[in-house]
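Novice: Fold the stuff below for me.
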Amino acid sequence: MTEPKGPAQTHLLKLETRSRVEFKDITSLLEKLIQQSGVASGTCVVFAPHTTAAILINENDDPHLQSDFANFLEQLAPRDQNYLHSDGNCDAHLKAAVIGASKTLMIEGGKLLLGRWQGIFFCEFDGPRRRELRVKVIPD
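Specialist: Modelled structure (predicted):
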């Protein structure tokens, strides 16, 4: 793999979520972008430009963990709470704020540097929706 000498590459990914709360594994999408970029060593920044969505890095082996995350976040910010923000989705804003809108990942050997069980998830808290995901691949 040859290292590109040009500037960083920015990508726009379109996602569609099918339920109000969803953890969509985007690891393979990101790995494909890294491979296509030709970057052997660098950084990958993943950003969700939405106030009711987030990016999570955690185990992607057991799908039950996604349900546990959803249940945990529902306990932190219940949907039916009497919030001052009255649009009916304040819980989604709070859940997204807890997880965070972006993650920075290292690229080594042309691949994302992740732990054995780690994956990257797009977290939807106010779906179903059509969403965008911004990804920047930056060579060293």
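
Novice: contacts, neighbours, all on C-alpha from now
Specialist: OK.

Novice: Please work out which residues outside the longest helix along the chain touch it.
Specialist: The helix that spans the most residues within the chain, counting by DSSP state H, is helix 64-76. If you take CA atoms under 8 Å, 6 or more residues apart in numbering as the criterion, helix 64-76 is touched by 21, 23, 59, 95.

Novice: measure the third one to Glu16 for me?
Specialist: In this case it means Glu59. Separation of Glu59 from Glu16 (CA to CA, to the nearest Å): 22 Å.

Novice: These two - which one has more neighbours?
Specialist: Neighbours were counted for Glu59 and for Glu16 using other CA atoms under 10 Å; Glu59 has more, 16 against 13.

Novice: Test of understanding: give the bridge partners of the more buried one.
Specialist: Glu59 forms beta bridges with Gln118, as assigned by DSSP bridges.

Novice: List the residues that contact it.
Specialist: When contacts are counted by CA under 8 Å, 6+ apart, Glu59 is found next to 65, 117-119.

Novice: ok, and the most crowded of these?
Specialist: Going by other CA under 10 Å, Gly119 tops those with 18 neighbours.

Novice: what about the nearest residue in space to that one that is not next to it in sequence, neighbour count?
Specialist: Leaving aside its chain neighbours, Gly119 sits nearest to Asn60 (5.1 Å; criterion: CA to CA, 6 or more residues apart in numbering). Number of residues near Asn60 (other CA under 10 Å) recorded here: 17.

Novice: How about Gln66?
Specialist: 19.

Novice: How about the one 4 residues further on?
Specialist: Burial measure for Ala70: 18 neighbouring residues, criterion other CA under 10 Å.

Novice: Kindly state the pLDDT recorded for it?
Specialist: For Ala70, the pLDDT comes out at 97.

Novice: how close does it sit to His64?
Specialist: 10 Å.

Novice: Can you give the distance of the longest helix of the chain from its chain's centre?
Specialist: Chain-centre distance of helix 64-76: 16 Å, with CA atoms, centre = their mean, to the nearest Å.

Novice: which of the residues in that helix are buried?
Specialist: The neighbour-count check on helix 64-76 (16 or more other CA atoms under 10 Å) flags 66, 70, 73-74 as buried.
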